[in-house]
Structures are given as structure tokens and as C-alpha cells.
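[1] Show me the folded form of this:
(one chain, ligands or ions: 1)
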Amino acid sequence: MEVVAYFLHVISPLVLSVATLIIAVLCNLLRHLNASKWPVINKESILRLLGIRLGDIPTTVILDSAVAVDALVRRADAFSDRPAGGGATTIISNGRLQIITTVPYGPHWVALRRNLTSEAFHPVRGLARAAPHRARALAALVAGIAARSAGGGGAVPVRECLYAALFALNAATCFGDGVDGALVEAMRAAQQEFLRILPSFRVFATFEKVARLLYRDRWKQLVHSRRRQEELYLPLIRGRQEWRCTGGTTTAAAASYVDTLLNLEVPDEGNPHGRRKLSDGEMVGLVSEYLGASTGTVLAVLEWTLANLVLRPDIQSRLHGEVEAAGGEACAYLRAVVMESLRRHPPVPSVQRHMSRDVVVGSTTVARGTLVNFSLEEIGRDSKIWTSPEEFIPDRFMPGGEGEGVRLTIGTKEAAKVMMMPFGAGRRICPGMGYATLHMEYFLANLVTAFEWHPVEGEAVDLKADHGFFTTMCNPLHARVVPRVKLA
Ligand code: HEM
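    Sure thing, here's the model as predicted:
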């Protein structure tokens with residue numbers, strides 16, 4: 001028996017590996033002789049044959065909203081950790097440096113998250129603090145679109161315009177006033193590139209050392225993009241720190257996210273009762289998380305919404321009328337349009353939890369070590385809940401509609417009537433929900449007030465999705481934009 005066990009555990013994998021390599025070499029040789037008949041053998045297929053799946057963890061997928069709520073909200077004690085290796089900062093530091101998204105549930109997470117929600121995203125103080133930055137970003141956006149529209153005839157690259165405006169706004173709430181425009185632009189370019197390549201770093205989530213050997217170029221890219229962030233963010237963080245040390249004072253009303261991070265103390269891992277300041281590496285990661293999450297998500301929702309408005313002039317014209325009539329007050333139809341966009345095109349298509357123990361979900365037991373993937377996209381398009389779920393129908397969120405009164409903050413009391421969860425649920429629900437909702441409504445209301453949005457002649461609006469780090473339009477929206485009033 002022992003001989004058999006030895007063969008199974010030691011010899012057979014070796015034999016299998018050598019055999020696989022021989023097959024790979026033979027296949028590739030034969031491909032050169034008859035290219036159409038033989039499969040391409042590359043690094044990924046050899047690893048698959050060897051049974052190694054880098055970045056892959058046993059996964060259970062949840063598509064049902066009731067099961068999702070039961071797990072994320074009612075069983076929050078077991079569903080509060082994400083899988084390791086989710087962010088570049090964490091991967092590159094081998095888990096030593098953590099950001100809000102990656103830190104395991106516990107006192108460190110509480111400190112980081114509370115800092116964000118009680119300061120930068122405080123529902124009154126934080127959002128009021130962002131108001132002047134928001135107004136400036138809108139003015140620049142409207143002027144930029146008007147210039148690109150060339151009086152109503154030109155095709156406006158909508159994503160490009162939105163990206164510049166939203167990033168400038170978030171850079172201002174992050175670093176405070178007075179960051180040089182060229183530097184903001186360099187940060188935007190670096191962050192956009194970083195988000196583009198981020199999904200490919202998933203291979204480092206498991207067997208990191210092996211993955212680093214096999215994917216050397218990808219690792220170099222990861223290191224390079226992280227260095228670039230350090231080059232760009234650290235001087236600004238240090239500048240803010242020096243300014244404070246030399247007597248610069250920040251009133252609560254003017255504090256930036258970086259100011260709150262400089263004040264913050266987190267639990268000291270080496271000293272059970274001690275607290276410590278954040279390191280440079282942690283701050284760079286947290287700033288990158290803030291800029292990436294606050295820009296990429298809102299940008300995606302606004303672009304999807306405008307695309308739907310271009311395709312549906314009736315909805316656009318009603319939205320314009322209702323926003324004008326509301327005269328700056330809350331507008332139910334505006335809220336309905338944003339809700340429908342979040343339902344139909346959630347920028348974060350799924351949320352993950354990592355199980356640290358066996359747990360029963362629905363009728364199955366999910367084993368320790370499993371990754372549970374909750375599909376927010378499928379939940380928002382569940383035909384058992386929504387009529388014609390693929391259609392863009394904001395009216396479903398108006399009085400009498402099937403989505404009337406749907407709430408996005410899901411506590412145990414609301415758990416029974418959950419129909420969508422674009423911001424996730426449970427303890428790790430998105431902390432940026434209020435900030436994002438305010439900005440989506442603010443920019444959308446102003447963009448339909450300032451312009452009419454039309455298709456570009458000869459160019460179809462394509463609603464195909466690109467499932468990158470955020471779900472965005474595969475083909476960025478171009479629109480013919482006509483100013484409604486003569487802009488000064
Ligand atoms: C339309 C806008 C947004 C959408 C749809 C969205 C969606 C999400 C989702 C689905 C999650 C995962 C929740 C879970 O695991 O249950 C999340 C987490 C998170 N979001 Fe957002 N988000 C948005 C805007 C923002 C903004 C503006 C920020 C600002 C920095 C932000 C920062 C974060 C952070 C830090 C987390 C991790 C929270 C934690 O682990 O405790 N998000 N978001």
C-alpha cells in the first residue's frame with residue numbers, strides 16, 4: 001500500500017509533468033507542420049494539464065438574491081472577508097500592507113473604514129466639503145464638452161471628458177486644493193492604466209512565488225505601476241505633511257482624505273494595546289484605492305446612463321423636463337434613471353467572500369477555503385424579480401412600479417425585499433454609496449440640462465460590456481452633443 005501511495009503522491013506527478021512537457025514540445029513541432037490541426041500549447045495549457053490553476057480557488061457562485069442576503073447580511077459573521085491577494089498593494093507587499101478592500105475583518109478594517117465614512121464620506125460634513133470641487137469639475141466638464149461638440153456637430157468622446165472631470169474632482173477631495181493640473185493629468189493616466197492591467201494580476205493570488213517566475217513580465221508591470229504611483233502620490237502626501245508641520249492648519253471643513261490618513265492611527269500588530277501611524281506604502285495603496293474606486297465606478301454608471309439616453313430620446317426628454325421642473329430639489333425620475341442604470345449595468349459585477357470555516361448557504365455546505373462569488377449582475381437581471389430585465393425602464397422605480405421603494409442599504413430589516421445590490425451588502429457594503437449617488441445624480445442632472453444627447457451619424461451606440469476591473473462599455477460612447485442654451 002505504501003508503495004502505491006508513494007507512486008500516487010510523488011512519482012506520478014513527476015511522470016505526468018515530464019509527459020506533459022513532451023506532449024507540449026511534440027504538439028508545437030507538429031503545429032508547424034500542419035498548423036490548423038494541432039492546438040497551441042502555451043504556458044497556460046501546460047499548467048492546466050499539470051492540474052495547476054494559478055489564481056484559481058474553489059468557487060461557489062450565488063445568483064439568488066435571497067440566498068445572497070441570507071449569507072451577506074444575516075450570516076455576516078462568516079461572510080466578512082474577501083479572498084487574499086485582491087489588490088496590488090497587498091500582492092506586492094506579500095500581504096503586509098493592506099487597504100480597506102483587502103484587509104481582513106477586524107480592528108484594522110474598522111479603523112480604516114471608519115476613517116473614510118466619518119470624514120471624507122460623512123453624509124453632511126464630507127459631502128459639503130466636496131461641494132466646491134464638484135462645482136469646479138462640472139464647470140470644466142461642461143466647457144470641455146461644449147468645446148469638443150463644436151457647436152453641436154462634433155462627436156464628443158464622452159468617457160474621456162467624464163474621466164478628466166471626475167478624476168480632478170476626486171484628486172481634489174483626496175489631496176486638497178492646489179494640485180497642479182499637469183500632475184492631476186499624469187495621475188489620471190497612471191490610474192487608468194493601472195485599472196486596465198489590474199485584473200491580470202489575479203494570477204499572483206495563489207502560489208505567488210511560482211506565479212512570479214512564470215509571469216515575470218506581468219510581475220515587472222505590477223512593480224512598475226506601483227512605483228509610478230509612489231512617484232506621483234508620495235510627494236503630494238509629504239507636501240501635505242510638511243505644510244501641517246510648519247504650522248499650516250486645516251479646518252475640518254477643508255480637510256482632505258490624505259489629511260485624515262495622516263491623522264489616523266491603526267492597531268499596532270506588534271503590540272496588542274498599541275496604535276501606530278500608517279506607513280508610506282499603506283498610504284499610497286489607500287490613495288490609489290480611493291482614486292480608482294471613486295472615479296471608475298461613477299464614470300461607468302454615467303457613461304452607461306448617457307448611452308441609454310442617446311438610444312431613448314423619450315426617456316431623455318422626460319428626464320430633462322422633470323429635472324428642470326424640480327429646480328435643484330430632489331427629483332424622483334432622476335433617481336429612477338440612476339437606479340435603473342445601477343440595476344442594468346452595475347459597474348462592480350460581483351462581490352467575493354472567502355470562507356474561513358465551513359458554512360451552510362441555502363441548502364449546501366460551503367467548505368472552508370472556498371471563495372463565494374455573489375453575482376450582482378445576475379441578481380439585478382433576475383427575471384423572477386424584474387419584468388423584461390434586459391430593457392432600460394426607469395419607470396419601474398417610480399410609484400406603482402415593481403421597484404418602487406427598493407433600498408440599497410440592506411440591513412436585516414430590509415432583507416426580505418432585496419431586489420438588487422449594486423453596492424454589495426453586509427459589513428463590507430460599499431462605503432462610497434452616498435458620495436457616488438450624489439455625484440451620479442449631480443452630474444447627470446446638469447449634463448441633461450446643459451446639452452441634448454444624440455447618436456453620431458453612422459455610428460451605432462453599442463451596449464456590449466467590457467468585463468475589466470469595472471464593467472464598462474466595450475466601445476466607449478461617442479455622442480453628438482448640442483448645447484441647450486448658449487454657454488457663456
Ligand atoms: C456607483 C458607484 C459605486 C459602486 C456601484 C460600488 C460598488 C461596490 C461594491 C459592489 C463593493 C463590494 C461590496 C461588498 O463586498 O459587499 C464596493 C466596495 C468598496 N467600495 Fe465601492 N462602489 C461605488 C463607489 C465607490 C466610491 C465612490 C468609493 C470611494 C472611495 C468606493 C470605495 C469602496 C471601498 C473602499 C470598498 C471596500 C469596502 C470594504 O471592504 O469594507 N466605492 N463598492
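
[2] Can the helix or strand harbouring residue 142 be said to contact the ligand?
    Residue 142 belongs to helix 131-149 when assigned by DSSP states H and E. No - using Cβ under 6 Å from any ligand atom, helix 131-149 never reaches the ligand; the gap is at least 12.6 Å. Using the backbone N, CA and C atoms, a C-beta is placed for each residue, glycine as well.

[3] which strands and helices sit next to that helix?
    Secondary-structure packing of helix 131-149 (3 or more Cβ pairs under 8 Å, 6 or more residues apart in numbering; DSSP states H and E): strand 155-157, helix 158-175, helix 433-450, strand 451-454, strand 478-483.

[4] pLDDT of the last one, averaged?
    For strand 478-483, the mean per-residue pLDDT is 95.

[5] Kindly format the C-alpha coordinates of it as CSV.
    Extracted in CSV, the C-alpha atoms of strand 478-483 (Å, rounded to 0.1, in the frame of the first residue of the first chain):
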residue,chain,number,x,y,z
HIS,A,478,-19.4,58.9,-28.8
ALA,A,479,-22.4,61.3,-28.9
ARG,A,480,-23.4,64.3,-30.9
VAL,A,481,-24.0,66.8,-28.1
VAL,A,482,-26.0,70.0,-28.7
PRO,A,483,-25.9,72.8,-26.1
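
[6] Map the structural domains onto the sequence of the protein.
    As recorded under automatic domain parsing, the domains making up the chain are 1-33, 34-483.

[7] For the ones you listed, could you give me a markdown table that also reports mean neighbour count?
    Compiled in a markdown table, these are given as follows (neighbours: other Cβ atoms under 10 Å):
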| stretch | mean neighbour count |
| --- | --- |
| domain 1-33 | 11 |
| domain 34-483 | 17 |
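
[8] Quick one: residues contacting residue 63.
    Applying Cβ atoms under 8 Å, 6 or more residues apart in numbering, we find residue 63 in contact with 375, 378, 379, 382.

[9] that older thread, now the helices and strands packed on helix 131-149 in a markdown table, with distance to the ligand?
    Listed next are the helices and strands packed on helix 131-149 as a markdown table, based on distance: least, Cβ to the nearest ligand atom, whole Å:
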| stretch | distance to the ligand |
| --- | --- |
| strand 155-157 | 21 |
| helix 158-175 | 8 |
| helix 433-450 | 3 |
| strand 451-454 | 20 |
| strand 478-483 | 21 |
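
[10] how about these in JSON lines, adding distance to residue 260?
    As requested, the helices and strands packed on helix 131-149 are exported to JSON lines (distance: least, Cβ to Cβ, whole Å):
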{"stretch": "strand 155-157", "distance to residue 260": "34"}
{"stretch": "helix 158-175", "distance to residue 260": "10"}
{"stretch": "helix 433-450", "distance to residue 260": "14"}
{"stretch": "strand 451-454", "distance to residue 260": "36"}
{"stretch": "strand 478-483", "distance to residue 260": "37"}
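
[11] Out of the ones you listed, which gets nearest to residue 424?
    Closest to residue 424 of these, according to Cβ to Cβ: helix 433-450, at 9.2 Å.

[12] for the ligand, what are the nearby residues on the stretch 201-350 of the chain?
    Residues of the stretch 201-350 of the chain lying close to the ligand (Cβ under 6 Å from any ligand atom) are 289, 290, 293, 294, 297, 298, 301, 346, 347, 348.

[13] ok, the fourth one - contacts?
    Counting by Cβ under 8 Å, 6+ apart, residue 294 makes contact with 166, 170, 173, 432, 435, 436.

[14] In contact with the second one: list those residues for me.
    Right, the one you point to is residue 170. Shown in contact with residue 170 (Cβ under 8 Å, 6+ apart): 290, 291, 294, 295.

[15] The first one touches residue 257, doesn't it?
    What it means is residue 290. Yes - between residue 290 and residue 257 there is a contact under Cβ atoms under 8 Å: 5.6 Å.

[16] which neighbours do those two share?
    The contact sets of residue 290 and residue 257 overlap at 116, 120, 174 (Cβ under 8 Å, 6+ apart).

[17] Point out the least confident member of these, please.
    Ranked by pLDDT, those bottom out at residue 120, which scores 83.

[18] Name the nearest residue to that one, sequence neighbours excluded.
    Here the nearest residue to residue 120 in space, its sequence neighbours aside, is residue 257; by Cβ to Cβ, 6 or more residues apart in numbering that works out to 4.5 Å.

[19] what kind of secondary structure is the nearest residue to residue 434 once chain neighbours are set aside in?
    Distances taken as Cβ to Cβ, 6+ apart put residue 123 closest to residue 434, at 5.4 Å, once the chain neighbours are dropped. What DSSP: H, G, I helix; E, B strand; the rest coil gives for residue 123 is coil.

[20] which stretches of the stretch 251-400 of the chain aren't confidently modelled?
    For the stretch 251-400 of the chain, the stretches with pLDDT under 70 are 251-254.

[21] Which parts of it are helices?
    With DSSP state H, counting those that start in this stretch as the definition, the stretch 251-400 of the chain shows helices at residue ranges 257-263, 280-311, 313-326, 332-344, 376-380.

[22] To residue 474, which of the ones you listed lies closest?
    helix 280-311 (11.1 Å).

[23] so how far is that closest one off the chain centroid?
    Mean-position distance between helix 280-311 and its chain equals 7 Å (Cα atoms, centre = their mean, to the nearest Å).

[24] Ok, stretch 358-372 next?
    Distance of stretch 358-372 from its chain centroid, counting by Cα atoms, centre = their mean, is 25 Å.

[25] can you check stretch 378-388 too?
    On Cα atoms, centre = their mean, the centre of stretch 378-388 falls 22 Å from the chain's centre.

[26] Then stretch 163-177?
    Relative to the chain's own centre, stretch 163-177 is displaced by 17 Å; criterion: Cα atoms, centre = their mean.

[27] about what we covered before: export the contacts of residue 294 as a markdown table, with columns for pLDDT.
    Compiled in a markdown table, these are given as follows (pLDDT from 0 to 100):
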| residue | pLDDT |
| --- | --- |
| 166 | 97 |
| 170 | 96 |
| 173 | 94 |
| 432 | 95 |
| 435 | 94 |
| 436 | 96 |
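
[28] Out of these, the closest to residue 59 would be?
    Using Cβ to Cβ, the contacts of residue 294 come closest to residue 59 at residue 432, 26.1 Å.

[29] hang on, that closest one packs against residue 293?
    Yes - Residue 432 lies in contact with residue 293 (Cβ under 8 Å); the separation is 6.2 Å.

[30] gap between residue 387 and residue 309?
    From residue 387 across to residue 309, the span is 21 Å (Cβ to Cβ, to the nearest Å).

[31] Can you pull the residues of the stretch 51-200 of the chain lying near the ligand?
    Counting by Cβ under 6 Å from any ligand atom, the residues of the stretch 51-200 of the chain close to the ligand are 100, 101, 113.

[32] Wait, a strand at the second one?
    No - assignment of residue 101 by three-state DSSP gives coil, placing it outside any strand.

[33] Of the contacts of residue 63, which are in range of the ligand?
    Filtering the contacts of residue 63 for proximity to the ligand (criterion: Cβ under 6 Å from any ligand atom) leaves nothing.

[34] Could you dump those into CSV with distance to residue 358 added?
    Below are the contacts of residue 63 laid out as CSV (distance: Cβ to Cβ, whole Å):
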residue, distance to residue 358
375, 22
378, 25
379, 24
382, 28
